[in-house]
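Engineer: Return a 3D structure for these sequence lines:
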Amino acid sequence: MPRMTGSRLFAEMLKGYGVTHVFFVPTILMDSLAEMDGLGIRRILAHSEKAAAYMADGYARATGRPGVCMAQQIGASNLASGLRDGYMGCTPMIAISGGPAPAGRYRHAYQEVEDITQFDSVTKLNMQLEDMARFPDLVRQMFRVATSGVPGPVHLRLSGPYGQSVEGEGDLQPLVEPQFSRVPAFRPGPEMERVRQAAALLAKALRPLIVAGGGVVASRAQAELVELAEKLGIPVATSLTAKGVILDSHPLSVGVVGSYSRECANRAVSEADLVFFVGSHAGGQLTADWKIPAPGTTVIQLDIDGAQLGRNYPNAVALAGDARVTLRQLCDAAQRKDPAATKAWTDRMQQLVGEWRAKAEPMLASDAVPMRPERICRELTQALPADGVVVSDTGHAGMWTGQMLDITSPGQRYIRCEGSLGWGLPGAMGVKCALPDRPVVCFTGDGGLYYHLPELETAARHGINLVVVINNNSSLNQEIPLVNSAYKEKRDERSGELWRFQKNADLVKVAEALGCKAFRVEKPGQLKDLLPRALAMDKPVVIDCISDDQALAPTAWLPGDAAHRY
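Structural biologist: From the prediction side, this is the model:
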């Protein structure tokens, strides 16, 4: 067995697994970071551990390869909080942190807090290295767990605040299993009898509808999904995570369903007599807190994790398997439906989509100043190259882009924040690191940007040349209805303290001072020329779009809801 340091072993194993970037805040595994220099692995020094985790999350979502993030002992809590989105989004991630050295335990060692349990709820596997001889095995296990079944983050704590316990030399053999270098590591399939049952139910239903989730993206099953939909004439709604798996222009596409949704999608799913959840847990956001579809609707569910099947809706047929494998089996088992037999249902879906588009068009085309966010999304739709990627923050950013942005080319992608406001900028930087030759646009608000504003300097320093579009309303205006409800008739000027920022903050000057190109846009017509120019610049670019602070994204349509929405 060869003699080498643990630092060298870790660097060689990352290289063997195809890792191209590591995101970190020092001081952690400095010897290993130095070893990576000669192996072509880029070391991205971030300004916070949480941002480093978000970058690794974005990197992993873009490639399907585990994103690697690291922090010293005192930064471990920040790193753990950054894994929350990756855990919710089923993202393969490798997190490394320093930990207490045995000689200093229980003696008030500097910066020591017992933090290992903080990782329990945000990882699939949380481990400690106590014997360096186990280092190759545990690193291998991290990749195996992160990419197998439902992907997710894993964590390994090393002894020593900086992980220095692995700097020594030992009899160490790098162990690399290429199968676990990306998701899915395995592609299991369901029993054929269940596939035949599902195909029969889909064929029999008068108003079937597919709801595609993030598992379709992870499995790279977009082509099989669309083939099945076209073969059986089944309309398709998507989760926000799966936006883009079917083009918004496709005649069977009804849009994003759930809480951050188009009205037409929620209406479509609520009218279905059978809903087929593909690669989705049927969670609260996707179903508007389990109101769409209504309880009692016939449901087929496909998931790689059998424990999720029937968790939220009883399944008429449960399919445990990889999305691509299972959809391929369904495509082969199903008999093509006569388009005449599905025409009434598909015509109804196109009617709902057409009505929604007609309602939304005035805002999408609005020349109002301050700008409407819908118009910003329209300009982004039209400017996005055929291979472009839009990365969206959460909250209003996710609502605006989920509803108003169209994915019009098979080469385009949409990647969303899974829940933590502020993820957008560092997440998009990770996406750009993973896809350096593709245009990447981050869509966020000023409220989201402020969380990790210093990472603009990171982007400039490392040449992470993305475009950041800010829907700048000088506020967190999504909170207006909650503030108004809290104040009731007592509302006065001071109620604005709960949601407004200062209006004279100059984000263009800040971005330029941090090394980026930056532009302030006050009229929507300026975006038509500016967006293509920004995408062609060889620098990170910030476009500060001044928008209406009273523009609230339409909330989800629910059955029995008479409120005006579009």
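Engineer: list the contacts for the closest residue to Gln173 other than its chain neighbours?
Structural biologist: Nearest residue to Gln173, sequence neighbours excluded (C-beta to C-beta, 6 or more residues apart in numbering): Met1, at 5.2 Å. Glycine gets a C-beta too; all of them are placed from N, C-alpha and C. Listed by C-beta atoms under 8 Å, 6 or more residues apart in numbering, the contact set of Met1 reads 171-173.
Engineer: ok, these vs Leu530, which is closest?
Structural biologist: Leu172 (53.0 Å; C-beta to C-beta).
Engineer: Any figure for the gap between the spatially most central residue of the chain and Gln478?
Structural biologist: In the chain, the C-alpha nearest the mean C-alpha coordinate belongs to Arg416, at 3.8 Å (C-alpha atoms, centre = their mean). Counting by C-beta to C-beta, to the nearest Å, the gap from Arg416 to Gln478 is 16 Å.
Engineer: How many residues are close by Arg144?
Structural biologist: 15 (other C-beta atoms under 10 Å).
Engineer: pLDDT of the longest helix along the chain, averaged?
Structural biologist: As assigned by DSSP state H, the longest helix anywhere in the chain is helix 339-364. Averaging pLDDT along helix 339-364 yields 98.
Engineer: What of stretch 422-431?
Structural biologist: 98.
Engineer: buried stuff in that stretch?
Structural biologist: Neighbour-count burial for stretch 422-431 flags 422-431 (criterion: 16 or more other C-beta atoms under 10 Å).
Engineer: for stretch 240-257, same thing?
Structural biologist: 240-248, 252-257.
Engineer: Let me know the distance separating the residue nearest to Gln308 when sequence neighbours are not counted from Val353.
Structural biologist: Closest residue in space to Gln308, ignoring its immediate chain neighbours: His281 at 5.1 Å, by C-beta to C-beta, 6+ apart. Distance of His281 to Val353, computed by C-beta to C-beta: 26 Å.
Engineer: Please apply the same query to Ala288.
Structural biologist: Taken as C-beta to C-beta, the span from Ala288 to Val353 is 18 Å.
Engineer: Then Leu476?
Structural biologist: 31 Å.
Engineer: Give me the residues contacting the lowest-mean-pLDDT helix or strand in the chain.
Structural biologist: When the helices and strands of the chain are compared on mean pLDDT, DSSP states H and E, helix 480-487 comes out lowest with a mean of 91. Residues outside helix 480-487 that contact it (C-beta under 8 Å, 6+ apart): 491, 495, 498-499, 550, 552.
Engineer: Return the closest of those residues with respect to Ile234.
Structural biologist: Leu552 (33.2 Å).
Engineer: How about the contacts made by the closest one?
Structural biologist: Here Leu552 is in contact with 396, 477-478, 480-481 (C-beta under 8 Å, 6+ apart).
Engineer: Phi, psi for it please.
Structural biologist: Main-chain torsions, Leu552, degrees, to the nearest 10: phi -110, psi 130.
Engineer: quick one: it from Lys50, how far?
Structural biologist: Going from Leu552 to Lys50 by C-beta to C-beta gives 28 Å.
Engineer: Below-threshold pLDDT in this protein: ranges please.
Structural biologist: 489, 491, 562-566 (pLDDT under 70).
Engineer: mind redoing it with 90?
Structural biologist: Where the chain drops to pLDDT under 90, the residues are 1-2, 101-114, 484, 488-495, 538, 560-566.
Engineer: before we move on, back to that, name only those of the contacts of helix 480-487 that count as buried.
Structural biologist: Buried among those (16+ other C-beta under 10 Å): Trp499.
Engineer: would a markdown table of the contacts of helix 480-487 with distance to Gln118 be doable?
Structural biologist: As requested, the contacts of helix 480-487 are exported to a markdown table (distance: C-beta to C-beta, whole Å):
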| residue | distance to Gln118 |
| --- | --- |
| Arg491 | 40 |
| Ser495 | 36 |
| Leu498 | 30 |
| Trp499 | 31 |
| Gln550 | 40 |
| Leu552 | 36 |
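Engineer: Please convert the contacts of helix 480-487 to a markdown table, extending it with secondary structure.
Structural biologist: Putting the contacts of helix 480-487 into a markdown table (DSSP: H, G, I helix; E, B strand; the rest coil) gives the following:
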| residue | secondary structure |
| --- | --- |
| Arg491 | coil |
| Ser495 | helix |
| Leu498 | helix |
| Trp499 | coil |
| Gln550 | coil |
| Leu552 | coil |
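Engineer: closest to Pro370 among the contacts of helix 480-487?
Structural biologist: Gln550 (8.9 Å).
Engineer: what's that closest one in contact with, if anything?
Structural biologist: 477, 480.
Engineer: can you pull out the helices in the stretch 101-250 of the chain?
Structural biologist: 135-147, 192-204, 214-219, 222-232 (DSSP state H, counting those that start in this stretch).
Engineer: got the buried residues for the second one?
Structural biologist: What that stands for is helix 192-204. 194-195, 197-199, 201-203.
Engineer: Could you do the last one as well?
Structural biologist: Burial within helix 222-232, assessed by neighbour count using 16+ other C-beta under 10 Å, is assigned to 222, 224-232.
Engineer: still on that earlier bit, any chance of JSON lines for the helices of the stretch 101-250 of the chain, columns distance to Ser7?
Structural biologist: Shown next, in JSON lines, are the helices of the stretch 101-250 of the chain (distance: least, C-beta to C-beta, whole Å):
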{"stretch": "helix 135-147", "distance to Ser7": "10"}
{"stretch": "helix 192-204", "distance to Ser7": "49"}
{"stretch": "helix 214-219", "distance to Ser7": "32"}
{"stretch": "helix 222-232", "distance to Ser7": "40"}
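Engineer: nearest to Ala534, of those?
Structural biologist: helix 214-219 (26.5 Å).
Engineer: who does that closest one touch, helix- and strand-wise?
Structural biologist: helix 323-333 (3 or more C-beta pairs under 8 Å, 6 or more residues apart in numbering; DSSP states H and E).
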